[in-house]
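[1] need coordinates for the below:
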Amino acid sequence: MGEIRIGIVGVGNCASSLIQGISYYSKKKDEVIGLMHYEICGYTPKNIKVVAAFDVDRRKVGRPVEEAIFANPNCTKTIEKDVPASDVLVSMGHVLDGISPHMKNYPENRTFVLSDKEPEDVISVLKEKNVEILVNYLPVGSEEASRFYANCCLESGVSLINCIPVFIASDKEWIKRFEEKNIPIVGDDVKSQIGATIIHRSLVKLFDDRGVKIDRTYQLNTGGNTDFLNMLNRDRLVSKKISKTEAVQSSLNMPMLSEDIHIGPSDYVPWQNDNKVCFIRIEGRIFGDVPINLELRLSVEDSPNSAGCMIDAIRCCKVARDREIGGVLESISAYTMKHPFNQFPDNEAREMVEAFIRGERER
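    Below is the predicted model:
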């Protein structure tokens with residue numbers, strides 16, 4: 001099969017895990033651990049090629065992408081030291097609302113250091129590099145910047161995979177614009193392979209299916225990466241809270257009252273680095289109105305946890321381009337994203353993806 005030419009906006013921890021993972025799995029031939037699909041319609045991880053990247057940090061802009069993914073403030077675990085050398089230099093992106101003002105109050109090794117270079121013409125770069133799919137890894141709360149890059153995709157014929165909670169692939173007007181140009185789009189807000197959202201969804205559905213009345217539930221998360229530091233500005237979390245809360249509520253036959261469900265980031269703990277710790281509590285009542293309480297603690301490296309979902313999303317998006325399918329890709333969005341246009345139970349979403357891969361379901 002041919003290359004899947006991708007561009008990345010935001011060369012942070014998630015981009016680092018994805019690029020390292022592409023190299024790591026390209027060398028694997030026999031037992032493959034950690035991927036939901038090794039091969040999709042002939043495409044393996046080896047077919048994915050990063051041909052463009054955008055960032056605004058002076059430690060990354062102008063550097064080869066295989067070096068930039070290890071530059072501060074990135075702090076995710078190294079799973080592949082020998083990422084092949086490339087001729088892809090990180091282009092200066094457009095800042096817009098991509099950096100929260102409070103970030104300047106923290107040490108350089110923890111936060112962004114803004115480059116003084118002029119932003120490049122994104123549309124020209126996408127066309128020059130023949131980018132097929134643009135992956136949006138901007139910080140949470142980058143509403144204006146995400147829409148800017150989405151417009152660049154529309155102008156250049158490039159597909160968008162929106163990994164952050166800015167509602168584009170779940171917004172009717174944006175979907176219509178991508179449909180009119182017959183460009184596939186996937187989103188919004190990537191799920192982890194085994195993360196807080198997927199576990200919380202599974203647990204509340206289990207309670208619901210087993211006749212338990214759920215009275216209250218919360219999900220609290222702590223981490224030490226730049227994403228958690230960025231989210232200390234609570235004004236940037238409106239869409240994030242909606243995305244995570246709706247993902248859990250959608251697993252219930254009857255949604256809970258807003259005052260009885262709390263889901264969202266809790267705090268920034270620097271020494272956790274890219275390790276995310278999640279606390280989930282569910283309070284309910286079983287037979288005879290007898291109380292039941294469940295508490296769970298999850299500890300997982302945050303960025304690698306979503307990279308496998310992204311490798312599937314990228315390949316399904318490429319398959320859609322091969323089949324000349326435009327608009328939102330419902331199946332892979334429901335399976336790999338917290339806030340798709342239509343929510344489906346996770347087992348049903350997986351079956352939808354399998355049907356899409358077989359060519360039995362167009363979206």
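
[2] how close does residue 264 sit to residue 239?
    11 Å (Cβ to Cβ, to the nearest Å). (Glycine included, C-beta is placed from N, CA and C.)

[3] same check, this time on residue 111
    Per Cβ to Cβ, residue 111 is found 22 Å from residue 239.

[4] same check, this time on residue 301
    Counting by Cβ to Cβ, the gap from residue 301 to residue 239 is 24 Å.

[5] next: residue 329.
    On the measure of Cβ to Cβ, residue 329 and residue 239 end up 20 Å apart.

[6] so these two - more neighbours on which side?
    residue 329 (30 against 19; other Cβ atoms under 10 Å).

[7] isn't the more buried one right up against residue 185?
    Yes - counting by Cβ atoms under 8 Å, residue 185 is a contact partner of residue 329 at 7.0 Å.

[8] what segments of this protein are helices?
    Counting by DSSP state H, the chain has helices at residues 13-26, 65-68, 122-128, 143-156, 172-180, 196-209, 226-230, 238-249, 304-322, 330-336, 346-358.

[9] next, count neighbours for residue 295.
    9.

[10] residue 330 too?
    21.

[11] for the residue lying closest to it once chain neighbours are set aside, report the pLDDT, please.
    Distance criterion Cβ to Cβ, 6 or more residues apart in numbering; nearest residue to residue 330, sequence neighbours excluded, is residue 363 at 4.2 Å. Note for residue 363: predicted pLDDT of 75.

[12] cool, residue 265 as well?
    75.

[13] doesn't residue 229 make contact with it?
    No - applying Cβ under 8 Å, one finds residue 265 not in contact with residue 229, separated by 10.5 Å.

[14] going along the chain, name the strands of the stretch 51-200 of the chain.
    91-92, 133-136, 159-162, 184-187 (DSSP state E, counting those that start in this stretch).

[15] put together JSON lines for those strands, with mean pLDDT and distance to residue 153 on each row.
    Shown next, in JSON lines, are the strands of the stretch 51-200 of the chain (pLDDT from 0 to 100; distance: least, Cβ to Cβ, whole Å):
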{"stretch": "strand 91-92", "mean pLDDT": "98", "distance to residue 153": "15"}
{"stretch": "strand 133-136", "mean pLDDT": "98", "distance to residue 153": "5"}
{"stretch": "strand 159-162", "mean pLDDT": "98", "distance to residue 153": "5"}
{"stretch": "strand 184-187", "mean pLDDT": "97", "distance to residue 153": "8"}
